[in-house]
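Give me the fold of what follows.
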Amino acid sequence: MNRNATTKLHSSSSINSNSDAFTILSKVKTGRGEKAGTYHRIQHESKSTGTNMTFGLFLPTSYTKNKTPVMFFLSGLTCDESNFSTKAGPLAFATAEEENISICLPDTSPRGENVPNDENYDLGQGAGFYIDATQDPWNQHFHMRSYVSQELPEFLKDEFGLEVKSVCGHSMGGFGALSLAFENPEEWTAVSAFAPISNPTNCPWGEKAFTNYLGSAENGKKFDPTAMLQARETGFETFDDILIDQGSDDNFLEEQLKPHLLKGAADNCGQRITLNMRDGYDHSYFFIAAFIEDHVRFHAKRLQEKMSEM
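This next block holds a predicted model:
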């Protein structure tokens, strides 16, 4: 990428595009009238993955460095940062504009000619599973947990002043959101999910991913949201609530997702989860688009409360 081609922004939601640390691949105004924020696609070199990584970043017109919180959205299998922005983004960004928060959309895996891949959709590029692989050939580049939990948040803080953060996700990304939040609850102000892979060590997607990336499904238990809650003592409550939406007509509900197991583990340890079973909805982005406004407002309330304490 020729840095001389980097776009320089002039809107009220502008960011410094002259930094050597990143390249703005594109920007687009989203919304109507004066209350229209800006969506950016940004590329930077990742030490975690050893590749260039591309992420999406929506900034509201009220964006002010060090005063605007950020909601991460982690996408699912086969996706990159563009799936959410094109299929659910307009409503999500409009709501974020109203609530004065930003939204960050990481990719789901490292990519490139020298990055290992698999012919099946549920392993390799597009299927990083938000963990750090320990097994060859994946362990050189597939360090998505370090990237999403450490490197990218530090990058957003240093470059854009986005520090107070929360996390949401869909399917594989719903697993990632819950897993990251349960592992380091002090780092994430709020967490929610759409149709998360709730018990990955007990479903085909998770068993395959953990066996290939970590050596066995057993090695994935420390990242499994249901297993993490099952290990908690009674009386545990880290988050005031966790919002989960699940479609009743989701083809993957019984075999892959199993939200009832997560809810049961949460009830036993005292962690509140609001599980909404949405009648007639499937696993698609039509489902996400239908309820994304609820999730953005859920996060915004808690993010703004956190900002007011600082």
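
which element is Ser48 on?
Using DSSP states H and E, Ser48 maps to neither a helix nor a strand.

now swap in Glu97 and tell me
helix 89-99.

from what I can see Thr211 touches Ala217, true?
Yes: assessed by C-beta atoms under 8 Å, Thr211 is found in contact with Ala217 at 5.9 Å. From N, CA and C alone the C-beta is placed, and that goes for glycine too.

List the residues that are in contact with both of these two.
With contacts defined as C-beta atoms under 8 Å, 6 or more residues apart in numbering, no residue is shared by Thr211 and Ala217.

Quick check: which ranges of this protein have low pLDDT?
Applying pLDDT under 70 to the chain picks out residues 1-18.

Quick one: the helices in it, in order.
Using DSSP state H, the helices assigned to the chain run over residues 81-87, 89-99, 144-146, 152-160, 172-183, 204-214, 225-230, 259-269, 285-309.

list the contacts for Ser179?
130, 223-225, 228.

Kindly tell me how buried Gly280 is, as a neighbour count.
Gly280: 8 surrounding residues under other C-beta atoms under 10 Å.

you'd agree Ser102 is up against Lys65?
No: if you go by C-beta under 8 Å, Ser102 and Lys65 don't touch, sitting 11.0 Å apart.

Just name the most buried of the helices of the chain.
Per-stretch averages of neighbours, counted by mean count of other C-beta atoms under 10 Å, single out helix 172-183 among the helices of the chain, with a mean of 28.

starting at the chain centroid, how far to that helix?
Centroid displacement of helix 172-183 relative to its chain, using C-alpha atoms, centre = their mean, to the nearest Å, is 8 Å.

Measure how that helix sits relative to helix 204-214, angle-wise.
Helix 172-183 and helix 204-214 are oriented at 60 degrees to each other (axes from the mean of the first three to the mean of the last three C-alpha atoms, to 10 degrees).

Contact partners for the closest residue to Leu229 other than its chain neighbours?
Among residues not flanking Leu229 along the chain, Ala265 sits closest, at 3.8 Å (C-beta to C-beta, 6 or more residues apart in numbering). By C-beta under 8 Å, 6+ apart, the residues touching Ala265 are 226-227, 229-230.

what's the answer for Pro116, then?
Contacts for Pro116 (C-beta under 8 Å, 6+ apart) come out as 124, 137-138, 140-142.

can those go into a markdown table with extra columns for neighbour count and distance to His44?
Shown next, in a markdown table, are those (neighbours: other C-beta atoms under 10 Å; distance: C-beta to C-beta, whole Å):
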| residue | neighbour count | distance to His44 |
| --- | --- | --- |
| Gly124 | 21 | 22 |
| Pro137 | 13 | 24 |
| Trp138 | 25 | 22 |
| Gln140 | 15 | 19 |
| His141 | 22 | 15 |
| Phe142 | 29 | 18 |
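
Among the residues you listed, which pair sits farthest apart?
Within the contacts of Pro116, Gly124 and Gln140 form the most distant pair, 12.9 Å apart (C-beta to C-beta).

on that earlier part again, among the contacts of Pro116, which are in strands?
Of the contacts of Pro116, none are assigned to strands by DSSP state E.

any idea which of these is closest to Ser46?
Distances from Ser46 to these, taken by C-beta to C-beta, are shortest for His141, at 9.2 Å.

Distance-wise, check the residue nearest to the spatial centre of the chain relative to Ile197.
Centroid-nearest residue in the chain, with C-alpha atoms, centre = their mean: Leu74, separated by 2.1 Å. Leu74 is 11 Å from Ile197, where distance means C-beta to C-beta, to the nearest Å.

Kindly report the same for Asp122.
Distance, Asp122 to Ile197, using C-beta to C-beta: 11 Å.

Mutual contacts of these two, please.
Shared contacts of Asp122 and Ile197, defined by C-beta under 8 Å, 6+ apart, are found at Trp205.
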